[in-house]
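Novice: take this sequence and fold it.
(2 chains)
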Amino acid sequence: MNVKEMLKEHKLLAEFRYELGQIERGYTNRSLYVNLSEHRIESKPVTEMMKEKFIGGKGFGLWYLWNAVTSETKWNDPENEIIISSGPLGGITQYPGAGKSLVVTLSPLTGLVIDSNVGGYFGPLLKFSGWDALEIQGKADKDVIIFIDGNEGTVRIEETPLEATDSHILGEQLTEMYAESEEDKRNISVVTAGSAGDHTLIGLLNFTFYDVRRKAVRLKQAGRGGIGTVFRDKKIKALVVRFRGVKGDLNHPADISKINKAGIKLHKEINKFDAVQNRMRQIGTANIIEVMNEYDLLPVHNYKFGSHPDADKIASNVFVEKYITQGLPDGCWYGCSLSCAKAADKFEIKTGPYKGQLVTVDGPEYENAAGLGANCGIFDPEYILESNFYCDTYGIDTISFGTITAFVMECYESGIINKEITGGLALYFGNADAAMELLHQMARGEGFGKIAGQGIRRMKKLFIEQYGADPDFLQDIGMEQKGLEYSEYLPKESLAQQGGYGLTNKGPQHDEAWLIFMDMVNNQIPTFEDKAEALHYFPMFRTWFGLNGLCKLPWNDIIPESNATADEPAKIPEHVQNYVDIFNGVTGKNIDKEELILQSERVYNFQRVFNIRMGHGKREDDKIPYRSAGPVTVEEYESRQERYDRQLIELLNYNPEGKATEEKIKVLRKYREEQYEKLVDAVYKRRGWTNNGIPKLETLQKLGIDFPEVVEVVKPYL
Amino acid sequence: MIQVNGKDFEWEEDLTVQKLLEKKRYTYPKIIVKVNDHLIPKEEYELTPIHDGDDVKVIHLLAGG
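Specialist: Down below sits the predicted model:
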């Protein structure tokens, strides 16, 4: 069926016409509200308070969600919202990495706020269409799309009975349907989930951009926390925005010369250094696969180990030489010369509903290779690419899928589950066929895949209640916290990174803090106070990208010459100044690097209070599974016995000679768990929180977020 | 004995910056090396000796995904 026939079957449920308006200094000063239950579409003002306190992007998402839900709201209640917002710097084309969208909702995995940062054109085109944010509430009765025409000034809700569900097809169909010509396709961006959003709690959202060189729709992912599941629960098939006329000055910045100057400087650095530093233009984030293996940080066999002899089979050069198209500038927004959005073209699919088809696979990102591959003991680049493709098109978070599969593989090998329970899947480490079938089952909502798609926290409960599993063991090896699966780094030998994962707002995702090298290798933060300072500064600094529609990668995946002599090289001070300059250049404000951190700190603390409001956000919620802090099993300990024995001697004055491994594990564990608790004390103190992790009144007052409804949440705990 | 990133490391005859990086398996391309607070350019790694008692800093500029 062609797209014209599909379009004929669309049923218009609501239409809204609006004045196009103009962006001033990065803001349109209004948001688009869509209620799917009531077929209501409205314009809402963006207030000065919102801009001052919440900046944009994730900050706007949090503020809207806070006002939409109560402490009782669940992820699948109609009151829950999905908010998409770029930020005041979003859409500038002069500085690399400025096309991001931030998506915020209540997560089905955690019950807390989840935020996810994604490329593709949707956020900037939404802003150029006249909207700082899109706020979607309610639920439709049947599958709908929301179509925003940013040139005509219309928003429509349409029922869409015939379109495909899987993202690589649906993205193509809707791009074809709403573009007026081949040339117009670049002006379209589509947001889709996929068939797994209907059956799992780990659904993601794909944001498209049209790749004019490949003449193909590309997919970038808002991956974490099950946002795609919420999207499908609202019966949204897709969001479509069309805006023609992207130019470098559409944000009407206060001083474009500041942005130009910073951008030109960074473009030159990328041109000069990328090939000898991270090779982002060649292979993207996958450049660190072998680095992580070399430094014993690559998760292998459900985070038991940090390296594997077969890791060279999935090293970055394997993908460069055999699979990933070279020589194409792969930016996911205009003007990004770091160009890390790599893809394998004409990749032949071997399994599932698209078997035999030649497709473009976006990736692999490092996380995909590490999670889908090494963590499951599968050192097969073609499996990694194929499972990456299916995760994307089905709308499954690759990180959660990788960590979930690694967990069930360990449960299978430990005898907690067996073939009878898995419906015949022999889920031992390294079994690519079984892992692939698990993925297809998730998309179909069948068999053991449906169970695994509920996430590790729910599986632990099920295995304990129905199969008599040892709860302590599952708590130790189930790599989730707050209900979210860990991302793909092994933090055992870095106490700071244990905190970098454990002391996050949304769950163990590394986008808040990645301190492993500073801590474990460089030894730059040896004391608890040093680690706490890092666990204050870096989460706050990284939060700022998500307030402004920016990508983190151009901050520290390219290093300027000046950094060799910088006082604090880990912060990349020259690039921090770039961000200060471009923020001031767009908004006309006059912030400095300290105010930049304060902007984030406001939003970060607000999110912590939001978690408390939802019944979590306290010290007990920041506990971590022991697998992330040390060796759980004899096999793990003995694989690095020299290291652990030496630590027992040097750190604890304990003589391991002649002791049973179980005894040594116990002694080491007691020490490491105490270290983590001391770290938590230090971090809470630095962040201005109580010993129970509650932001103190004076902290909220200092940040100017002591709104009555915020104080009301924390007061019972102070 | 020398100090590498604040921790003891066995010194040996003819140790250079390059040899130290190999022994420590510090393969990451974005590093800054300082010997007794003196910055060592990459092209001098092979020729720069490390003496017994030196304080070596090998700062990896990797701050994650």
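
Novice: in stretch A:656-670, which residues are buried?
Specialist: A:656, A:661, A:664-665, A:668-669 (16 or more other CB atoms under 10 Å in any protein chain shown). (C-beta placed from N, C-alpha, C; glycine too.)

Novice: next one: stretch A:440-460
Specialist: A:440-444, A:447-449, A:451-460.

Novice: residue B:47: neighbour count?
Specialist: Per other CB atoms under 10 Å in any protein chain shown, the neighbour tally for residue B:47 reads 10.

Novice: dihedrals phi and psi, the residue in the stretch 401-550 of chain A that chain B sits nearest to?
Specialist: Across the stretch 401-550 of chain A, no residue is closer to chain B than residue A:514, which sits at 2.3 Å (CB to the nearest CB). Main-chain dihedrals, residue A:514, degrees, to the nearest 10: phi -130, psi 100.

Novice: was I right to think it contacts residue A:487?
Specialist: No - the pair residue A:514 and residue A:487 does not pass the contact test of CB atoms under 8 Å, sitting 9.4 Å apart.

Novice: if I look at residue 15, what pLDDT would I see?
Specialist: Since you didn't name a chain, this refers to chain A. On the pLDDT scale, residue A:15 is placed at 98.

Novice: right idea, wrong chain: chain B
Specialist: Predicted confidence (pLDDT) for residue B:15: 97.

Novice: please apply the same query to the one 5 residues further on.
Specialist: Reading off the per-residue confidence, residue B:20 sits at a pLDDT of 97.

Novice: how far away is it from residue A:435?
Specialist: 41 Å (CB to CB, to the nearest Å).

Novice: mind listing the strands for the stretch 1-150 of chain A?
Specialist: Along the stretch 1-150 of chain A, counting by DSSP state E, counting those that start in this stretch, strands occupy A:11-17, A:30-35, A:40-45, A:82-85, A:101-106, A:113-118, A:133-137, A:144-149.

Novice: who does the longest one pair up with?
Specialist: Here strand A:11-17 has these sheet partners by DSSP bridges: strand A:154-159 (antiparallel).

Novice: okay, the angle between the partner strand and strand A:30-35?
Specialist: Here strand A:154-159 runs at an angle of 20 degrees relative to strand A:30-35 (axes from the mean of the first three to the mean of the last three CA atoms, to 10 degrees).

Novice: contact partners for the closest residue in space to residue A:83 that isn't next to it in sequence?
Specialist: Excluding the flanking residues, the one nearest residue A:83 by CB to CB, 6 or more residues apart in numbering or on different chains is residue A:61, at 3.9 Å. Residue A:61 is in contact with A:83-85, A:102-104, A:115, A:133, counting by CB atoms under 8 Å, 6 or more residues apart in numbering or on different chains.

Novice: so who does residue 58 touch?
Specialist: Assuming you mean chain A. Counted by CB under 8 Å, 6+ apart, residue A:58 has contacts A:85, A:102, A:104, A:115, A:117, A:543, A:546-547, A:603.

Novice: oops, I was thinking of chain B
Specialist: A:521-522, B:4-5, B:20-21, B:24, B:26, B:31-33.

Novice: which one of the residues you listed sits closest to residue A:313?
Specialist: Distance to residue A:313 across these (CB to CB) is lowest for residue B:26, with 23.3 Å.

Novice: now the closest one: which helix or strand?
Specialist: Here residue B:26 sits in a region with no helix or strand, counting by DSSP states H and E.

Novice: partners of the closest residue to it other than its chain neighbours in the sheet?
Specialist: Nearest residue to residue B:26, sequence neighbours excluded (CB to CB, 6+ apart): residue B:58, at 5.6 Å. Under DSSP bridges, the beta-bridge partners of residue B:58 are residue B:33.

Novice: just to revisit the earlier point, now render the strands of the stretch 1-150 of chain A as JSON lines, adding mean neighbour count.
Specialist: Below are the strands of the stretch 1-150 of chain A laid out as JSON lines (neighbours: other CB atoms under 10 Å in any protein chain shown):
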{"stretch": "strand A:11-17", "mean neighbour count": "14"}
{"stretch": "strand A:30-35", "mean neighbour count": "21"}
{"stretch": "strand A:40-45", "mean neighbour count": "15"}
{"stretch": "strand A:82-85", "mean neighbour count": "28"}
{"stretch": "strand A:101-106", "mean neighbour count": "30"}
{"stretch": "strand A:113-118", "mean neighbour count": "26"}
{"stretch": "strand A:133-137", "mean neighbour count": "25"}
{"stretch": "strand A:144-149", "mean neighbour count": "24"}
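
Novice: redo those strands as TSV? Include distance to residue A:331.
Specialist: Formatted as TSV, these follow (distance: least, CB to CB, whole Å):
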stretch	distance to residue A:331
strand A:11-17	32
strand A:30-35	26
strand A:40-45	31
strand A:82-85	20
strand A:101-106	15
strand A:113-118	14
strand A:133-137	23
strand A:144-149	23
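
Novice: quick one: which of those is nearest residue A:304?
Specialist: Each of these has some distance to residue A:304 by CB to CB; the shortest is strand A:113-118, at 27.7 Å.

Novice: and that closest one, is it in reach of chain B?
Specialist: No - judged by CB under 8 Å from any CB of the partner chain, strand A:113-118 stays clear of chain B, getting no closer than 11.4 Å.

Novice: show me which residues of chain A sit near chain B.
Specialist: Neighbours of chain B within chain A, by CB under 8 Å from any CB: A:276-278, A:285, A:288, A:291, A:294-295, A:365-367, A:487, A:489, A:510-511, A:514-518, A:521-524, A:526, A:538, A:556, A:559, A:563-565, A:569-570, A:572.

Novice: restricted to helices, list these.
Specialist: A:291, A:294, A:366-367, A:516, A:538, A:556 (DSSP state H).

Novice: any idea which of those is closest to residue A:405?
Specialist: Looking across those and measuring by CB to CB, the closest to residue A:405 is residue A:367, at 13.6 Å.

Novice: you'd agree that closest one is up against residue A:485?
Specialist: No - if you go by CB under 8 Å, residue A:367 and residue A:485 don't touch, sitting 11.1 Å apart.

Novice: with neighbour numbers in mind, choose between the two.
Specialist: Taking neighbours as other CB under 10 Å, residue A:367 and residue A:485 compare with residue A:485 leading, 29 against 25.
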